[in-house]
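Undergrad: Dropping a prediction and its sequence here:
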Amino acid sequence: MLDKIIYFSIKNKFVIGLFTLALVLWGIYSLSRLPIDALPDITNNQVQIITSSPTLAAQEVEKFITYPIEQSVKPIPKIVELRSISRFGLSVVTVVFEEDVDIYWARTQISERLKEAEDVIPPGFGTPEMAPISTGLGEIYQYVVFPKPGFEDKYNAMDLRTVQDWIIKPQLIGTKGVAEVNTLGGMLKQYEIAVQPDKLRSMNTTIIEILEALEHNNENTGGAYIDKKPNAYFIRGIGMVNGIDDIRKIVVKNQNGIPILVRDVATVQFGSSIRYGATTKDGKGEAVSGMVMMLKGANSAEVVGLVKEKMEQIRKSLPEGVDVEPFLDRTKLVKNAIGTVQTNLLEGALIVVFILILLLGNLRAGLVVASVIPLSLLFAVSLMQLFGVSGNLMSLGAIDFGLIVDGAVIIVEAIVHRLQTMPTGKLNAHEMDGVVKKEAHKLMSSAAFGQLIILISVPSDFGVDRHRGQDVQTHGADRFLRHFGGLHSFTDLRSDDVSLVFEQKNGAYPEHFRPNHRLLLSDLCAAFGRRIENERLGRRHCRGVFCRFYAGFQQFGRRVHPHIGRGRHCHARHYPAGQFDVARNRGDHESRANVEGKISRN
């Protein structure tokens, strides 16, 4: 079969040229559509069920919430792992499915089973909800909402939180690829009714009566309609509360014909929910930050671009004196990763091309072999885009150019050597095709066998199970596609390229090894020959080289991924409960010190 491919390639050079051009165009198109990210997402296929119950301790959360949920979701098929966390007021149940399970099918199954759990959980103990479809790498964009200079006294932490929750967040939620927008810091605005016990007792009123009055006096009612032809008038009763004044005027009860209002027994004011954290900016007081979470499987670069466009529109709708500024952008991390990949690819390709030309002793032969590199990469990128494999450090950053050109080196070197040792000095196109066909036929099986050995080693990457192997499997998939593309390139294209490159109009003999190249090879052969003849000296030399390289290897650091900083620094501190004000003031002071330090250094 390989021989037939060789014969077809030599006889149909124009057709092979069209195939090569199509491969290049397909690869460039796929490269423009390939999802690019910094690192592969190794999060397993999971669904989280979160239940909030502020009144229950950890033991009660486990008993009344976590256990019923676990029992209800256990019958769902294709579950790999089921784990849970029960803390004070919080229950988190994580259901891990097999990797081939569709995440939306899994969420549908869990949603059906949660109906059973809700019937078992006692009323008032919380309602189970599923977490958004995002992963550990879904944090792609963070921003801070703060007052502009001169408006610090106009907007407090509660006003900034209101702007975030009611202006910014609703617009970001509808962006393509955004799964959720989380809010950090600020004060969640609430309408607070502070009951005064003395007035309550003097008015002979209870808290239950106040709660019932608030519930019954905060709703609209609807009736039928009055037919006044040709018009119809619908009947409605407007009773919704629109502000603090409406709450103050709600009637609690009538006592001896005198209405008792809420303002008579309580103070109505703005309040906030219990705070568990705060956000400060540059040591200038509190601000509010937002975190955009990306949908699982989305293209981070595309989603960040859409979020930036949406933020420009949101700025126009903000109140006067309020501004938004991003402080964490996944684009920075992706650019650093892509820059690392580009540097590695360029340097590696140049080194391989230089070594090929040096050892082959022929510029045209070296370039023919080196052309396998871009063709195999374009082939791999095309299939990566077709099968949904993202481009990242693991899939693109560890490309072994030497193994890719291994088969092409064998074939091209054999052909060049044969041309240089032939007795005649002139070859026409037909004779050149015959030489290429003969030499390629001799070594094609050996070259292909070497490439197949490399391909056989790749499936071992897919043997690592679950999320521990997803990082390695991403690299293995791309490595398999690259070597498969390299096998196709040197089998189908290199023989044709050699025949074209060395074909001369006047039948001129192809260039020989240059004298300096022959001298270099002769020196190398002589040096190795002396080492082989002196066995003891050769062994000593080998041991010395091995020890030197081993000692140098021990000095290297070891890590799976190269260091790619985001250009940002994050400092996190944990304080005991009850020290919220101390923690906020400490963070504000450290932020101010960092900003002043940066200004002095610049």
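TA: Yep, that arrived.
Undergrad: what does stretch 138-150 contact?
TA: Contacts with stretch 138-150, where a contact means CB atoms under 8 Å, 6 or more residues apart in numbering, come from 154-155, 160, 163-164, 168, 179, 279, 281, 284, 287-296, 300, 303-304, 307-308, 311, 321-330. C-beta: built from backbone N, CA, C; applies to glycine.
Undergrad: Do a quick rundown of the helices in the stretch 101-250 of the chain.
TA: Using DSSP state H, counting those that start in this stretch, the helices of the stretch 101-250 of the chain run over residues 103-120, 157-163, 169-173, 197-202, 207-216, 244-248.
Undergrad: Write a PyMOL command that selects only the buried members of the contacts of stretch 138-150.
TA: Command for PyMOL, covering only those of the contacts of stretch 138-150 found buried under the criterion 16 or more other CB atoms under 10 Å:
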select buried, resi 155+160+163+164+168+179+279+281+287+288+289+290+291+292+293+294+295+296+300+303+304+307+311+322+324+326+328+329+330
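Undergrad: So which of the contacts of stretch 138-150 sit within helices?
TA: Among those, the ones falling in helices (DSSP state H) are 160, 163, 300, 303-304, 307-308, 311, 330.
Undergrad: Let me have these in TSV, extended by distance to residue 355 and pLDDT.
TA: Output for those, formatted as TSV (distance: CB to CB, whole Å; pLDDT from 0 to 100):
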residue	distance to residue 355	pLDDT
160	60	92
163	61	93
300	36	83
303	41	90
304	39	90
307	45	93
308	44	92
311	49	93
330	37	82
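Undergrad: quick one, helices of the stretch 301-450 of the chain?
TA: Using DSSP H, counting those that start in this stretch, helices in the stretch 301-450 of the chain cover 330-360, 363-370, 372-387, 393-396, 401-404, 406-421, 429-457.
Undergrad: Tell me which of those helices sits nearest to residue 188.
TA: Nearest to residue 188 among the helices of the stretch 301-450 of the chain is helix 330-360 (27.5 Å), distances taken as CB to CB.
Undergrad: For stretch 266-286, measure first residue to last.
TA: Using CA to CA, to the nearest Å, the span of stretch 266-286 from its first residue to its last is 30 Å.
Undergrad: switch to numbering from 334
TA: Shifting the count to begin at 334 puts that one at stretch 599-619.
Undergrad: Which residues does the strand or helix carrying residue 384 contact?
TA: Per DSSP states H and E: residue 384 is located in strand 379-385. Outside of strand 379-385, the residues within contact range by CB under 8 Å, 6+ apart are 394, 398-399, 402, 406, 422-430, 436, 439-440, 443, 447, 454, 459-464.
Undergrad: Please repeat the previous calculation with a cut-off of 6 Å.
TA: If you take CB atoms under 6 Å, 6 or more residues apart in numbering as the criterion, strand 379-385 is touched by 398, 402, 424-429, 439-440, 443, 459, 461-464.
Undergrad: how about the helix or strand harbouring residue 415: buried residues?
TA: If you go by DSSP H and E, residue 415 is part of strand 412-420. Within strand 412-420, the residues that count as buried by 16+ other CB under 10 Å are 412, 417, 419.
Undergrad: How about residue 487, nearest residue that isn't a chain neighbour?
TA: Using CB to CB, 6 or more residues apart in numbering and skipping the chain neighbours, the partner closest in space to residue 487 is residue 654 (5.8 Å).
Undergrad: what sits against that neighbour?
TA: 480-481, 484, 487.
Undergrad: Enumerate the positions of the helix or strand residue 424 falls within that are buried.
TA: In the assignment (DSSP H and E), residue 424 maps to strand 423-430. Residues of strand 423-430 classed as buried: 423-430 (neighbour count, 16+ other CB under 10 Å).
Undergrad: Identify the neighbouring strands of it in the sheet and state each direction.
TA: If you go by DSSP bridges, strand 423-430 pairs up with strand 379-385 (antiparallel), strand 412-420 (antiparallel).
Undergrad: Return the longest one as PDB; C-alpha atoms alone will do.
TA: Listed next in PDB are the C-alpha coordinates belonging to strand 412-420 (Å, rounded to 0.1, in the frame of the first residue of the first chain):
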ATOM      1  CA  ILE A 412     -22.600   8.000  38.400                       C
ATOM      2  CA  VAL A 413     -18.900   7.600  39.100                       C
ATOM      3  CA  GLU A 414     -18.600   9.300  42.500                       C
ATOM      4  CA  LEU A 415     -20.900  10.900  45.000                       C
ATOM      5  CA  ARG A 416     -19.500  13.200  47.700                       C
ATOM      6  CA  SER A 417     -20.800  15.900  50.000                       C
ATOM      7  CA  ILE A 418     -19.900  18.600  52.500                       C
ATOM      8  CA  SER A 419     -22.100  19.600  55.400                       C
ATOM      9  CA  ARG A 420     -21.300  22.800  57.300                       C
END
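Undergrad: what angle sits between the strand holding residue 424 and helix 436-453?
TA: Relative orientation of strand 423-430 versus helix 436-453 (axes from the mean of the first three to the mean of the last three CA atoms, to 10 degrees): 140 degrees.
Undergrad: Can you give the distance of strand 423-430 from its chain's centre?
TA: Averaging C-alpha positions (CA atoms, centre = their mean, to the nearest Å) puts strand 423-430 22 Å from its chain's average.
Undergrad: same check, this time on stretch 558-567
TA: 59 Å.
Undergrad: Could you list the residues in contact with it?
TA: Residues outside stretch 558-567 that contact it (CB under 6 Å, 6+ apart): none are found.
Undergrad: okay, how far is it across that stretch, tip to tip?
TA: One end of stretch 558-567 sits 4 Å from the other (CA to CA).
Undergrad: Could you list the buried residues of it?
TA: Result for stretch 558-567 [16+ other CB under 10 Å]: no buried residues.
Undergrad: quick one: average pLDDT of it?
TA: In this model, stretch 558-567 has a mean pLDDT of 86.
Undergrad: same question, stretch 452-459
TA: Stretch 452-459 shows a mean pLDDT of 89.
Undergrad: and what of stretch 352-365?
TA: Taken as a whole, stretch 352-365 carries a mean pLDDT of 85.
Undergrad: How about stretch 667-681?
TA: Stretch 667-681 comes out at a mean pLDDT of 76.
Undergrad: For that stretch, which residues meet the burial criterion?
TA: By neighbour count on 16+ other CB under 10 Å, the buried set for stretch 667-681 is 667-671, 673-674, 677-678, 681.
Undergrad: Save those as TSV, and put in distance to residue 339 too.
TA: As requested, the buried residues of stretch 667-681 are exported to TSV (distance: CB to CB, whole Å):
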residue	distance to residue 339
667	42
668	43
669	44
670	40
671	38
673	39
674	34
677	33
678	30
681	29
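Undergrad: Out of the residues you listed, which is nearest to residue 740?
TA: residue 681 (18.1 Å).
Undergrad: From residue 432, how far out is that closest one?
TA: 32 Å (CB to CB, to the nearest Å).
Undergrad: Ok, residue 673 next?
TA: In terms of CB to CB, residue 673 sits 28 Å off from residue 432.
Undergrad: Distance check, residue 539 against residue 528.
TA: 10 Å.
Undergrad: Same check on residue 747?
TA: Distance from residue 747 to residue 528, counting by CB to CB: 95 Å.
Undergrad: From start to finish, how long is stretch 497-504 in a straight line?
TA: Start-to-end, stretch 497-504 (CA to CA) is 10 Å.
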